[in-house]
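>>> sequence? don't have it. structure:
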């Protein structure tokens, strides 16, 4: 039987709480630590199922990775000392693992197969295969209607630098090209149609790479000799987002979320929530070498609907499901334009969120236009009622529907919630610590 949560309307949510380490940064810390010569030590790493897949991949190459609590120690002699894996590398449900490792392995002189679960095997990989092929790597997968799907077979080696204009804004594709470029002799440059999260650039720079941004272009000089570092991973804003929205929409609530990463390429949700009237502030700001962070303080607020689109969308792509829940609690209409990238996540998040919130009585619909692509429209202020809803195996859908359940009349059951361990282990326990009525 699939795991599920039972959620009931709660009283005010209160207290100071920590959230897990940033998932995007944790993946990159593992990769860059394995590329370095020496010992890298990182505290507050996210040890979710996805990040453990990245750890297992490097252990398969002979890299020593030791775990103690939420601290990881990576002892490596650099890329040259890696061993070819004895068999396929299973990325599980982690698209980040597969796409980023594709770039890393493009420069390695051996063959490797990257596999994944049924969900990952449906996710498009042509966007990463094309630039890596242009750099000289051989990348093959299942081809259907011109798209490339896992499993991916990569035969790397002597790759060359590339100047590449990405057709789709994607931090994962950008990172894959940069990781490959770090092994090439010369300048690799990537152009983004809209800015995306820049954790790869920041960490590479922090570890000694010559990398800089000029306008829409990110420029890296390779080959890079990566230096090992000691660092602390900030809390994940994408995980904090669920508690932030809960604190805004549950009457009487006041929450402080501690030491959360507030990189400007990740704070699109905070920008939109402020436009909606959120009582939200950043305090105790700090920086630890490469990533800004702060405590995020939120209080229950009267939200209003807004229109969101354009360059903001890549900046909050992972937060769009919980933004839909905030829109349900707001007065007036919220319109989210150009959100088609949600259709190629762990599930079709447009479909899963529209289906789940509709079952709870929300006035939400999805349409597609020639000018704006996929559009989600929510008319807020409609009372929600408890219902049986399904995550469809997607962690962000599961957590978003759980937060919606805090507002609904009666009980809400969210089915298939084991997937939440891919990004926020202990989510239900954290929500209970805030005062929410949620039972596994």
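Arrived safely, thanks for sending. All values derive from a computational prediction rather than experimental measurement. Numbers count the residues shown, from 1 in each chain.
>>> could you pull out the helices in this structure for me?
Chain-ordered helices for the chain, with DSSP state H as the definition, fall at 23-35, 49-59, 95-105, 126-134, 171-181, 199-206, 237-249, 268-275, 312-315, 320-329, 349-359, 395-405, 427-434.
>>> what average pLDDT does the fifth one get?
The pLDDT scores in helix 171-181 average 98.
>>> list the buried residues in stretch 347-357.
Judged by neighbour count (16 or more other C-beta atoms under 10 Å), stretch 347-357 contains these buried residues: 347, 348, 349, 350, 352, 353, 354, 355, 356, 357. From N, CA and C alone the C-beta is placed, and that goes for glycine too.
>>> quick one: least confident of these?
When it comes to pLDDT, residue 347 is the least confident member of the buried residues of stretch 347-357, at 93.
>>> list the contacts of that residue.
Applying C-beta atoms under 8 Å, 6 or more residues apart in numbering, one finds that residue 347 lies in contact with 119, 392, 393, 394, 397.
>>> by neighbour count, which of those wins?
Going through the contacts of residue 347 with other C-beta atoms under 10 Å as the criterion, the one with the most neighbours is residue 397, at 30 neighbours.
>>> that one contacts residue 391, correct?
Yes. Residue 397 is within contact range of residue 391, at 4.8 Å (criterion: C-beta atoms under 8 Å).
>>> shared neighbours, those two?
Counting by C-beta under 8 Å, 6+ apart, the residues touching both residue 397 and residue 391 are residue 352.
>>> what about residue 189, how many residues close to it?
By other C-beta under 10 Å, the residues close to residue 189 number 17.
>>> run through the bridge partners of it.
Note on residue 189: beta-bridge partners by DSSP bridges are residue 163, residue 219.
>>> identify the residues contacting residue 349.
Residues in contact with residue 349 (C-beta under 8 Å, 6+ apart) are 320, 321, 342, 343, 394, 396, 397.
>>> returning to what we had before: deepest of the helices of the chain, which one?
Relative to the other members of those, helix 395-405 carries the highest mean neighbour count by mean count of other C-beta atoms under 10 Å, namely a mean of 29.
>>> so where's the stretch 151-300 of the chain uncertain?
Judged by pLDDT under 70, the stretch 151-300 of the chain has its weakly predicted residues at 287-289.
>>> repeat the analysis, applying 50 as the threshold.
Scanning the stretch 151-300 of the chain with the threshold set as pLDDT under 50 gives no residue ranges.
>>> what residue spans form the domains of the protein?
Following automatic domain parsing, one finds the domains of the chain at 4-21+235-439, 23-223.
>>> out of those domains, which gets nearest to residue 229?
Across the domains of the chain, residue 229 has its closest neighbour in domain 23-223 (5.7 Å, C-beta to C-beta).
>>> so how far is residue 164 from the residue nearest to residue 362 when sequence neighbours are not counted?
If the residues on either side of it in the chain are set aside, residue 362 comes closest to residue 328, at 4.8 Å by C-beta to C-beta, 6 or more residues apart in numbering. Using C-beta to C-beta, to the nearest Å, one obtains 40 Å as the distance from residue 328 to residue 164.
>>> what's residue 272 in contact with, if anything?
306, 308, 312, 316, 323.
>>> try residue 429
If a contact means C-beta under 8 Å, 6+ apart, then residue 429 has no contacts.
>>> go on, residue 354?
364, 365, 366, 376.
>>> which single one of those residues is nearest to residue 385?
Residue 385 has its nearest neighbour among the contacts of residue 354 in residue 364, at 14.2 Å by C-beta to C-beta.
>>> show me the beta-bridge partners of that closest one.
Checking residue 364 by DSSP bridges, which sets the bridge assignment, gives partners residue 378.
>>> nearest to residue 74, out of the helices of the chain?
Ranking these by their distance to residue 74 (criterion: C-beta to C-beta) puts helix 23-35 first, at 3.6 Å.
>>> show me what the closest one is packed up against.
Using 3 or more C-beta pairs under 8 Å, 6 or more residues apart in numbering; DSSP states H and E as the contact criterion, the elements in contact with helix 23-35 are strand 37-43, helix 49-59, strand 71-77, helix 95-105, helix 171-181, helix 199-206, helix 237-249.
>>> pipe these into a markdown table and attach distance to residue 141 per row.
As requested, the helices and strands packed on helix 23-35 are exported to a markdown table (distance: least, C-beta to C-beta, whole Å):
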| stretch | distance to residue 141 |
| --- | --- |
| strand 37-43 | 31 |
| helix 49-59 | 17 |
| strand 71-77 | 28 |
| helix 95-105 | 10 |
| helix 171-181 | 14 |
| helix 199-206 | 23 |
| helix 237-249 | 27 |
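>>> neighbours around residue 76, how many?
Taking other C-beta under 10 Å as the criterion, the count of residues near residue 76 is 23.
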